[in-house]
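pasting the structure only:
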């Protein structure tokens, strides 16, 4: 654990970060900024996993590996999402969510 | 000393994540996201999980942010402003996320976490590599293989989706 830092401080910080991300997800209209909000949420969850691992079960490494796999899945998700976004932009010249109401193919 | 560094990193994370979701210019939002991810890597370094911090820096800060910036450059004017969000949506968002913060923090502060004093496991790259490829009790070979298949599928899917259709 980190000397002089309580686990509650870390969890409070990651909670606030998580809900900032969800606020962005609720208010933003642009697809790319919504994707950034999702990255913020995933990052907050990662901090939680690592903090629980380090403070409560330092003899295991489950949280560490879970965070690593989450990072890998986030990379895959971002790649696919950006491919979809670019394809949508090519079709309708716009990437705001309210304009994406038709499944063309 | 470590407390001060932790406070600085937390303030950087919170301020820049708030800026990421509120700024008007989309390219700036991506750069603020980069700062958030870097500060998170700093927190992993404080936990002494060096490999995880390196992965965070290379995959998140190096890979995903660059991907996002490229997609911004492909779909927007560089200094384009985002549309104004109406005030009703903002209030609803603030109310719901504030309610969420309140609920989670009250639950958190009523729960007693017992910090363990067990000896920390060796988190060097050597141990991580052994754990990732072993199929004994503390091995992670199955998720490792599954995620490799998932990454391959995501790569093929991204290529197929983004490919230009033949006229």
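Looks like it came in fine. The shown structure was predicted, so the numbers you read here are calculated from the model rather than taken from an experiment. Numbers count the residues shown, from 1 in each chain, chains lettered A, B, ... in the order given.

which single residue in chain A comes nearest to chain B?
residue A:24 (2.9 Å; Cβ to the nearest Cβ). C-beta here means a position set from N, CA and C on the backbone, and glycine is covered the same way.

excluding chain neighbours, what is closest to residue B:113?
For residue B:113, ignoring the flanking residues on the chain, the nearest one in space by Cβ to Cβ, 6 or more residues apart in numbering or on different chains is residue A:7 at 5.3 Å.

surely that neighbour touches residue B:115?
Yes - shown here, residue A:7 and residue B:115 form a contact pair, counting by Cβ atoms under 8 Å, at 6.5 Å.

poorly predicted segments of chain B, please.
Applying pLDDT under 70 to chain B picks out residues B:166-167.

kindly report the same for chain A.
A:1-2, A:102-105.

which elements pack onto the longest helix anywhere in it?
The single longest helix within chain A, with elements called by DSSP state H, is helix A:62-92. Applying 3 or more Cβ pairs under 8 Å, 6 or more residues apart in numbering or on different chains; DSSP states H and E, one finds that helix A:62-92 contacts helix A:31-56, helix B:50-55, helix B:65-75, helix B:125-133, helix B:141-162.

tell me what the first one is packed against?
Read that as helix A:31-56. Contacts defined by 3+ Cβ pairs under 8 Å, 6+ apart place helix A:31-56 against helix A:7-27, helix A:62-92, helix B:2-22, helix B:26-46, helix B:65-75.

show me what counts as buried in the fourth one.
Of the residues in helix B:26-46, B:26-27, B:29-30, B:32-46 count as buried by neighbour count, 16 or more other Cβ atoms under 10 Å in any protein chain shown.

near chain A too, which of the residues you listed?
B:26, B:29-30, B:33, B:36-37, B:40, B:43-44, B:46 (Cβ under 8 Å from any Cβ of the partner chain).

and residue B:136, what does it touch?
Contacts for residue B:136 (Cβ atoms under 8 Å, 6 or more residues apart in numbering or on different chains) come out as none.

spatially central residue for chain B, please.
With distances taken as Cα atoms, centre = their mean, the residue of chain B nearest its centroid is residue B:37 (5.9 Å).

the residue of chain A closest to chain B is in contact with residue A:30, isn't it?
No - taking contacts as Cβ under 8 Å, residue A:24 lies outside contact range of residue A:30: 10.5 Å.

comparing those two, which residue is more hemmed in?
Shown here are residue A:24 and residue A:30; by other Cβ atoms under 10 Å in any protein chain shown, residue A:24 has more neighbours (24 against 21).

which residues does stretch A:13-26 contact?
By Cβ under 8 Å, 6+ apart, stretch A:13-26 touches A:33-34, A:36-41, A:43-45, A:47-48, A:51, B:10, B:13-14, B:17-18, B:20-22, B:36, B:89, B:92-94, B:96-98, B:100-101, B:104-105, B:108.

residue A:44 versus the nearest residue to residue B:125 once chain neighbours are set aside, what's the distance?
Leaving aside its chain neighbours, residue B:125 sits nearest to residue B:51 (5.2 Å; criterion: Cβ to Cβ, 6+ apart). Residue B:51 is 20 Å from residue A:44, where distance means Cβ to Cβ, to the nearest Å.

of these two, which one has the most company?
Each of residue B:51 and residue A:44 has its neighbours counted (other Cβ under 10 Å); residue A:44 has more, 23 against 17.

perfect, I'm done here.
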